[in-house]
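Chemist: 3D, please:
(3 chains)
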Amino acid sequence: MADGILQVGPLGTVIATVLLGVVAVLAAGFDGAVGARLQGRRALPGAAAPVWEGARLLRQRRRTIVAADSLLWRIGVVGLLVVALLKVAVVPLGAWTVADLSVGVVWFNAMDVMVWALVWLVGWGANSAHALIGGYRFLGQALSYELPLMFALTGPAIAAGSLRVGEVVAAQEELWFVVWMPVAFLVFCAGVVAFSVWGPFGAAAGGDIAGGVLAELSGVDRLLLLAGRYALLSAGAGFAVALFLGGGSGPFAPAWVWTLVKTLAVLAILVGVRRLLPVVRPDRLAEVAWIVVLPAVLLQLLLVSVVVVR
Amino acid sequence: MSPVLDAVFWVLAVISVAAGIAVFRVDSMARATYALAVSFVAVGAMLLLLNLEYIGVITILMMVMEMAVMAIFMIMFMGMNPALMPMSMVHNRVGSLVLALGVFVVLAGGALLVDWPERRGEPAGELTRSLGEAVMGSKMLVMLTVSPLLFATLVAALVLANPRGRYDRFGDDLRATTPRGPGERGEQA
Amino acid sequence: MDLTAVVARMAVRRPHVLVVEVPGWGRTRMTAERELRRRGWVPANSPADADILLTCGTPGPEFSEIVDPVWDQLPGPRVRIGATEGDQVPGLLDGSRRALLDGTVQREDAEARTAAAGGTPDEHGDMDHEDMDHEDMDDGDIDMPMPGGIGLAEGGTDRDGLDLDVLQVRLGPVLQHWPAGLVVRCSLQGDVVTDAAVEVLPAAGWHLDRTHDGAGALHGTARSESARYCDQAAGVLALLDLERLSLRAIRLRDAVLDDVPIGKVAAEVERLGERLRRSRTLSWSVQDLPGVHERLIALLDGARTALLGDADTAAPLRSPAAETERLERIPGLITGLDVAGARLVIASLGLDTAVVAAEGSDRG
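Modeler: All right, here's what the predicted structure looks like:
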């Protein structure tokens, strides 16, 4: 066990869940505010969007679709939220963590591979051409982002000499990894946006296919999936803070405050990126991911390895 | 093992076997594929119980990824829409049953009958590191040579097999400008 | 106050509206979209996402045959409204918010649906035939029961020579950023279009003259012609998810319709065109779709040229023959592309379906 990392009990798990929910709602509120501002309305009422939207979807009826594979569909819908929770389990909040796994970094990676299956299931289960295309698009995109993401995760692990998230945080006491692993950091953030089906990597839920994997979802199912996307973004932001931004380190305030502040800052950028960049069609992404991004991350790893060995 | 861990082990064991059976009992490709994924995830979780964290998590990661990709191929090559059309997941029922039962009996019998040795010494402190050293330590040079070669072979095979790959789209000498779209060549520069 | 009422009140703060445009009522749709934006309501992009179904214009029989099942797919609570004039929209929206809140109305609607389903929700409930328009394919060689009455996909050779499933899918006419009334029947393998056929579903009682009368006509003046170009450019940008640029084009569209001085708007249109011409992200993201970038810029040029002419006089109607020819080019342009590419190509064509709506309809 890493120094100064405490594994919390069941109550801590509940708190972590609530915290993830709060952060996810804040992210949705921020997105609503930015959206309202862009459309020329006041930002503050826009920030309430998640509340109105939540109420709307709770009141809306669920749909049953002819010849749908409801079991697989609902597994996919609920799964994203569960996976986000399982990711947060290894993210330390200051000195506390829900599960101090010796292979925390790999755990996070395994959970984001779960998203492959879940998003595809949402697309498949609905028995709708648009949703299915969304599912295919996500897997096509996943083949492009996953490998760079894996290598980006490897950087901090090599530098810290450990797969334990707490030790990765501890290894950044002198210098945050983002300083000498900027490429890995950027690729990781892009990976987070991609597995959250968000913004430039949101083709699977694209407007051009009537919402793609979202096309047939209504009521509480839709609410769960939308919440799952924000939760994944939040979990990813939290992990980026632990891996690259020194975790809870910072002056004047306790570590958990710093973790939260940094997470919210990263999250704001990840959420805001949606308004800045066009959607990248998966086949456009493939070329860039394999020919530019992958070699760039490998060079970053080479640099990290040389520094560590020396 | 504590009773709780015992119980978890048995639950996982039952899940993995039940999901394995489900692969052949369900009537859709998608369900069969993901039943297999569940079975593998349960096995991965059992490895976690043995404190083999790295191997356990990697098993889950690899298997889910494989199944996600495999599902697409299985479905798209079926020639009909298996979401809608219930279909049997079994071919050569008798032969496969005999084979499966035979293999199961041999493996299970082996596991139960072999006189397993007592543990000598303690597990290493950092299992993942020692695992890596055991696998890679003396063979690092071999691995370093073999893995890029394997990777290059895979890529080369794909490039040759894909009639619309980049060599086609960019011209044989890669001098063509941007490809015009799927199935079309770029203009020679 | 009971909890359900509180939730209901919160739920109708931000209704989602599925807007369906009938050829010839572009102006009404634009007014409706603007009203939604002003209120902070959300344009829905699928029936499942919508609380309100707003039809702009009076659809012909074929069009209605498609819109009615779409209405069946709204999950509920739901309201269906139709507008032919832009100034009806605010009142209709206010009314539908009240109807969404009204427990009695919604309960009756729900009960009527259950009754119509006749206790077999699998057969009639929320049928999903809008997206999955499986053609009947029982042509003898597959003789099996069709689950849910849906035909099975057949195999076919794809562009790499692999034998893959072929799905028959209808794109349109209920889609965002899509030419009004356009229907493209595609054969899809995965998400690649392998074959396509095009038709346009006309409005009720369509005749060429109606584009000249007041109701929903977008062809009155050069200003409206220019607004249509801006609208189409905004559609392409929205498909690319370039939200800020798309909103800019929409603001220009509204400014054109609002009688803002010509010189000012024309300068703005030119600035936006220049921005799009120079945008690296834009040209990169449509690099593999020849012609899309050029046509997008041409749309804005068209908007500017229309304004610089005599903006308030009648603009010449596009010739139906020329538009039909453009429509007929679609299958050739999109075959071999994936759905995303096909949608961008179609949007960039800047089709005016209102002029050709008569072609292929049985009105004679």
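Chemist: Against B:Val38, how distant is the residue most central in space within chain B?
Modeler: The centre of chain B sits closest to B:Met63, judged by Cα atoms, centre = their mean, with a distance of 4.1 Å. Remark: distance between B:Met63 and B:Val38 (Cβ to Cβ, to the nearest Å) = 10 Å. Using the backbone N, CA and C atoms, a C-beta is placed for each residue, glycine as well.
Chemist: hang on, the earlier thing: could I get the phi/psi values of the residue nearest to the centre of chain B?
Modeler: When read as degrees, to the nearest 10, the backbone of B:Met63 gives phi -70, psi -40.
Chemist: which residues of chain C fall in strands?
Modeler: Assigned by DSSP state E, the strands in chain C fall at C:16-21, C:42-43, C:52-56, C:79-83, C:154-157, C:163-171, C:182-189, C:192-200.
Chemist: Most tightly packed of those?
Modeler: strand C:52-56 (a mean of 26; mean count of other Cβ atoms under 10 Å in any protein chain shown).
Chemist: got the angle for that strand vs strand C:16-21?
Modeler: With axes from the mean of the first three to the mean of the last three Cα atoms, to 10 degrees defining the directions, strand C:52-56 sits at 20 degrees from strand C:16-21.
Chemist: I'd like the distance between C:Thr194 and chain B.
Modeler: Computed with Cβ to the nearest Cβ, to the nearest Å, the distance linking C:Thr194 and chain B is 11 Å.
Chemist: That residue and C:Leu337 touch, don't they?
Modeler: No: applying Cβ atoms under 8 Å, one finds C:Thr194 not in contact with C:Leu337, separated by 10.2 Å.
Chemist: Could you pull up the contacting residues of the closest residue to A:Ile209 other than its chain neighbours?
Modeler: Once flanking residues are discounted, A:Ile209 sits nearest to A:His130: 4.5 Å by Cβ to Cβ, 6 or more residues apart in numbering or on different chains. A:His130 makes contacts with A:209-212, A:215-216, C:46, C:131, as judged by Cβ atoms under 8 Å, 6 or more residues apart in numbering or on different chains.
Chemist: any idea which element A:His130 lies in?
Modeler: Using DSSP states H and E, A:His130 sits within helix A:129-160.
Chemist: any bit of whichever helix or strand comes after that helix sitting next to chain B?
Modeler: Where DSSP H and E defines the elements, the next helix or strand beyond helix A:129-160 is helix A:165-170. No: interface with chain B: helix A:165-170 contributes nothing (Cβ under 8 Å from any Cβ of the partner chain), its closest point being 10.7 Å away.
Chemist: quick one: the helix or strand just after helix A:165-170 to chain centroid distance?
Modeler: The helix or strand immediately downstream of helix A:165-170 is helix A:177-180, counting by DSSP H and E. Between the centre of helix A:177-180 and the centre of its chain there are 20 Å (Cα atoms, centre = their mean, to the nearest Å).
Chemist: Helix A:129-160 and the next helix or strand after helix A:177-180, what's the angle between them?
Modeler: Going down the chain from helix A:177-180, the next helix or strand is helix A:182-195, by DSSP H and E. Our comparison of helix A:182-195 with helix A:129-160, counting by the same axes, to 10 degrees, yields an angle of 150 degrees.
Chemist: re earlier: compute the inter-axis angle for the helix holding A:His130 and strand C:163-171.
Modeler: Following the same axes, to 10 degrees, one obtains 120 degrees for the angle between helix A:129-160 and strand C:163-171.
Chemist: Pull the distance from helix A:129-160 to the chain's centre.
Modeler: With Cα atoms, centre = their mean as the basis, helix A:129-160 stands 11 Å off its chain's centre.
Chemist: now the angle from it to strand C:182-189?
Modeler: With the same axes, to 10 degrees applied, the angle from helix A:129-160 to strand C:182-189 works out at 60 degrees.
Chemist: rewinding a little: any chance of the strands of chain C in a markdown table, with mean pLDDT too?
Modeler: Shown next, in a markdown table, are the strands of chain C (pLDDT from 0 to 100):
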| stretch | mean pLDDT |
| --- | --- |
| strand C:16-21 | 92 |
| strand C:42-43 | 91 |
| strand C:52-56 | 91 |
| strand C:79-83 | 89 |
| strand C:154-157 | 67 |
| strand C:163-171 | 78 |
| strand C:182-189 | 87 |
| strand C:192-200 | 85 |
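Chemist: what ranges of chain B fall below the confidence cut-off?
Modeler: Scanning chain B for pLDDT under 70 picks out B:1, B:76-88, B:162-189.
Chemist: which residues in it form helices?
Modeler: Secondary structure of chain B (DSSP state H): helices at B:3-25, B:29-49, B:53-76, B:93-113, B:127-136, B:140-161, B:166-169.
Chemist: Determine the set of other helices and strands touching the fifth one.
Modeler: Here helix B:127-136 is seen to pack against helix B:53-76 when contacts are counted using 3 or more Cβ pairs under 8 Å, 6 or more residues apart in numbering or on different chains; DSSP states H and E.
Chemist: Identify each buried residue in the helix it packs on, please.
Modeler: For helix B:53-76, burial by neighbour count (16 or more other Cβ atoms under 10 Å in any protein chain shown) applies to B:53-61, B:63-69, B:71-72, B:75-76.
Chemist: now the angle from it to strand C:163-171?
Modeler: Calculated by the same axes, to 10 degrees, helix B:53-76 forms an angle of 70 degrees with strand C:163-171.
Chemist: Alpha carbons of helix B:53-76, in PDB - could you do that?
Modeler: Output in PDB follows, covering the C-alpha atoms of helix B:53-76 (Å, rounded to 0.1, in the frame of the first residue of the first chain):
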ATOM      1  CA  GLU B  53      -4.500  -8.900 -10.000                       C
ATOM      2  CA  TYR B  54      -2.600  -8.200 -13.200                       C
ATOM      3  CA  ILE B  55      -3.500 -11.400 -15.000                       C
ATOM      4  CA  GLY B  56      -7.100 -11.100 -13.800                       C
ATOM      5  CA  VAL B  57      -7.700  -7.600 -14.900                       C
ATOM      6  CA  ILE B  58      -5.900  -8.200 -18.200                       C
ATOM      7  CA  THR B  59      -8.000 -11.200 -18.800                       C
ATOM      8  CA  ILE B  60     -11.200  -9.100 -18.400                       C
ATOM      9  CA  LEU B  61      -9.800  -6.400 -20.600                       C
ATOM     10  CA  MET B  62      -8.700  -8.600 -23.400                       C
ATOM     11  CA  MET B  63     -11.700 -10.800 -23.500                       C
ATOM     12  CA  VAL B  64     -14.300  -8.000 -23.400                       C
ATOM     13  CA  MET B  65     -12.400  -6.300 -26.200                       C
ATOM     14  CA  GLU B  66     -12.200  -9.500 -28.300                       C
ATOM     15  CA  MET B  67     -15.800 -10.300 -27.800                       C
ATOM     16  CA  ALA B  68     -16.900  -6.700 -28.800                       C
ATOM     17  CA  VAL B  69     -15.000  -7.000 -32.100                       C
ATOM     18  CA  MET B  70     -16.000 -10.600 -32.700                       C
ATOM     19  CA  ALA B  71     -19.700  -9.900 -32.300                       C
ATOM     20  CA  ILE B  72     -19.600  -7.600 -35.300                       C
ATOM     21  CA  PHE B  73     -17.900 -10.200 -37.500                       C
ATOM     22  CA  MET B  74     -20.200 -12.900 -36.400                       C
ATOM     23  CA  ILE B  75     -23.300 -10.900 -37.100                       C
ATOM     24  CA  MET B  76     -22.200  -9.300 -40.300                       C
END
